[in-house]
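[1] Following is a predicted model, sequence given first.
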Protein chains: 2
Amino acid sequence: MKGTVLIRPKAGILDPQGEAVRDSLAKLGFAVARVRVGRLVEVEVESDDPAEARAALERMAAELLANPLIESFTVEVEAER
Amino acid sequence: MKGTVLIRPKAGILDPQGEAVRDSLAKLGFAVARVRVGRLVEVEVESDDPAEARAALERMAAELLANPLIESFTVEVEAER
């Protein structure tokens, strides 16, 4: 079962990458107010149960994929859509 | 209006980061088959029209955010959910 972990910088945390992208977009003529850059991790979990897959993905994010000090995460499980 | 560009490595493209994450997850005891690591760019577009915002986000992705040779992207606009 496929799941996605979406990892974003926490609000209030400096996001130099986001600022650099915003400046580049502005130079290209795009009207953007704010940009945040995060990570997307797509995982094929060896489970057929959506709830089990969601629980595993949340543990993966908490234990490895996201840095709890500066990042927050959300989990999406394909079968739940 | 807030939109998100989700950028993933194209299928068949080597994803060393994804493989490294998969190995680390396996060491932590998680049963995962495949992992792909991409980027998530959240943009506050200065527009109130969802279609206009979507068109701008797709142009941003094509012109700057995604590398068309090795990456594919999808766009989500908050007002459309």
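    The structure has been received and is ready for your questions.

[2] Which parts of chain A are helices?
    A:16-27, A:50-60 (DSSP state H).

[3] Could you measure from the closest residue to A:Asp48 other than its chain neighbours over to A:Ser47?
    Counting by C-beta to C-beta, 6 or more residues apart in numbering or on different chains, A:Asp48 lies nearest to A:Met1, which is 6.2 Å off, once chain neighbours are set aside. Quick note: C-beta positions are derived from backbone N, CA and C, even for glycine. As judged by C-beta to C-beta, to the nearest Å, A:Met1 and A:Ser47 stand 6 Å apart.

[4] what helices or strands is the biggest strand by length in chain A leaning on?
    For chain A, the longest strand by residue count, based on DSSP state E, is strand A:32-45. In terms of contacts (3 or more C-beta pairs under 8 Å, 6 or more residues apart in numbering or on different chains; DSSP states H and E), strand A:32-45 is packed against strand A:2-9, helix A:16-27, helix A:50-60, strand B:2-9, strand B:32-45.

[5] TSV please, covering those and showing mean neighbour count, distance to A:Leu69 and mean pLDDT.
    Formatted as TSV, those follow (neighbours: other C-beta atoms under 10 Å in any protein chain shown; distance: least, C-beta to C-beta, whole Å; pLDDT from 0 to 100):
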stretch	mean neighbour count	distance to A:Leu69	mean pLDDT
strand A:2-9	20	11	96
helix A:16-27	15	16	95
helix A:50-60	18	18	95
strand B:2-9	20	23	96
strand B:32-45	21	19	95
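
[6] and chain A, which residues reach chain B?
    A:6-8, A:21, A:24-25, A:28, A:30-47, A:56, A:59-60, A:63-65 (C-beta under 8 Å from any C-beta of the partner chain).

[7] isn't A:Arg39 right up against B:Val35?
    No: using C-beta atoms under 8 Å, A:Arg39 makes no contact with B:Val35, being 11.8 Å away.

[8] ok, back up a step: can you list residues touching both of A:Met1 and A:Ser47?
    A:Ala53 (C-beta atoms under 8 Å, 6 or more residues apart in numbering or on different chains).

[9] Check whether the residue nearest to A:Asp48 really touches A:Ala79, as I assumed.
    Yes: contact between A:Met1 and A:Ala79 holds when scored by C-beta under 8 Å: they sit 5.8 Å apart.
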